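# Sharing a model prediction with you, sequence too.
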Amino acid sequence: MNIDRDEMREAVRARYASAATQFVETAQISDNGCCGDEGCGTGVVQFDEAGFGRNLYSDAEREAIPADAVAASLGCGNPLAVADLNPGEIVLDLGSGAGLDVLLSARRVGPTGKAYGLDMTDEMLALAEGNVREAGAENIEFLKGVIESIPLPEASVDVVISNCVINLSSDKSAVFAETFRVLRPGGRLGVTDVVAEDQLTPEDRAARGTQVGCIAGALTFTEYRTGLAVAGFTDIQVTPTHEVADGMHSAIIKATKPR
């Protein structure tokens with residue numbers, strides 16, 4: 001698909017900035033979140049509310065952190081359900097939004113570990129910082145930047161997570177390469193994302209929804225595995241969890257950087 005990467009990035013930034021502003025003004029975001037086309041604008045596909053947002057977290061997880069972080073969840077899954085975080089580890093959340101997964105990660109890695117959140121949207125970063133202050137968490141740091149150029153040194157984190165964000169990028173090979181770069185040898189990738197069935201063409205995906213709605217930009221299962229392998233990852237698993245549109249699935253993606 002012919003996509004101007006700068007224009008696509010700005011469209012994504014504007015949509016999520018609008019979502020953060022909407023939340024601050026109304027203290028409510030649709031259960032579908034921005035990954036459902038109804039959540040932050042008009043789109044093509046109607047989504048099941050159970051497929052996106054805060055409903056994908058357990059009651060215990062939702063009760064453990066500030067209510068605003070939970071209410072503003074815009075993802076398509078729960079990466080913490082598959083990321084095996086251990087005390088003392090360093091974890092990075094790509095596209096951290098209001099900070100839900102960062103807050104939960106910080107609790108898991110404990111005071112000897114650290115959780116980074118990376119986001120390009122000032123409005124989301126401000127919302128996340130407020131949630132961290134309310135939680136009183138001291139092992140969290142938010143970074144402003146893009147997931148195609150992560151502002152962290154090489155081999156500096158143990159685990160990279162992300163919740164329905166990689167599909168929004170128009171340069172996914174750069175995201176995979178940067179993720180591989182910042183992971184330490186033996187580091188793990190554990191993300192959720194929207195993935196398309198292999199028979200769906202780019203035109204098919206575009207017909208099902210917008211890229212800023214997490215649909216048109218989704219890779220197929222084969223494309224996702226291939227992209228991670230080219231970046232250097234091994235032990236790659238792409239496992240669908242639930243359908244979010246015809247032929248489009250929320251999926252768990254796991255991979256390892258070789259030692």
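Structure's in. What do you need?

# Now residue 189: closest residue in space that isn't a chain neighbour?
Using CB to CB, 6 or more residues apart in numbering and skipping the chain neighbours, the partner closest in space to residue 189 is residue 255 (4.4 Å). (Glycine included, C-beta is placed from N, CA and C.)

# same check, this time on residue 251
Residue 251 sits nearest to residue 195 (CB to CB, 6+ apart), 4.3 Å away.

# any idea how far that neighbour is from residue 116?
Residue 195 is 25 Å from residue 116, where distance means CB to CB, to the nearest Å.

# Neighbour count: those two, which is higher?
residue 195 (28 against 24; other CB atoms under 10 Å).

# my guess is residue 88 meets residue 113, correct?
Yes - counting by CB atoms under 8 Å, residue 88 touches residue 113, with 4.9 Å between them.

# Name the residue in those two with the higher neighbour count.
residue 113 (20 against 12).

# Give me the below-cutoff pLDDT ranges for the stretch 51-200 of the chain.
By pLDDT under 70, the weakly predicted segments of the stretch 51-200 of the chain are 51-82.

# Show me where it has its helices.
Along the stretch 51-200 of the chain, counting by DSSP state H, counting those that start in this stretch, helices occupy 59-63, 67-71, 100-109, 122-135, 172-182.

# Any idea which of the ones you listed gets closest to residue 246?
helix 172-182 (22.1 Å; CB to CB).

# Which neighbouring elements make contact with the closest one?
Counting contacts by 3 or more CB pairs under 8 Å, 6 or more residues apart in numbering; DSSP states H and E, helix 172-182 is packed against strand 90-94, strand 157-163, helix 221-231.

# Pick the most buried one from these.
The highest average neighbour count among the helices and strands packed on helix 172-182, using mean count of other CB atoms under 10 Å, belongs to strand 90-94 at a mean of 28.

# for the helices and strands packed on helix 172-182, which one sits closest to residue 171?
Here helix 221-231 is closest among the helices and strands packed on helix 172-182 (CB to CB), at 10.8 Å.

# could you give the mean pLDDT of that closest one?
Summarised as a single mean, pLDDT over helix 221-231 is 98.

# how about whichever helix or strand comes after that helix as PDB, C-alpha atoms only?
Under the assignment DSSP states H and E, the closest C-terminal helix or strand after helix 221-231 is strand 234-245. Output of strand 234-245 as PDB, limited to C-alpha atoms (Å, rounded to 0.1, in the frame of the first residue of the first chain):
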ATOM      1  CA  THR A 234      13.900 -16.900  17.300                       C
ATOM      2  CA  ASP A 235      11.300 -19.000  19.100                       C
ATOM      3  CA  ILE A 236       8.600 -17.000  17.300                       C
ATOM      4  CA  GLN A 237       5.000 -17.700  18.200                       C
ATOM      5  CA  VAL A 238       1.900 -15.900  16.800                       C
ATOM      6  CA  THR A 239      -1.200 -17.200  18.400                       C
ATOM      7  CA  PRO A 240      -4.700 -15.800  17.700                       C
ATOM      8  CA  THR A 241      -6.900 -15.300  20.800                       C
ATOM      9  CA  HIS A 242     -10.100 -13.800  19.500                       C
ATOM     10  CA  GLU A 243     -11.600 -12.400  16.200                       C
ATOM     11  CA  VAL A 244     -12.000  -8.600  16.100                       C
ATOM     12  CA  ALA A 245     -13.300  -8.300  12.500                       C
END
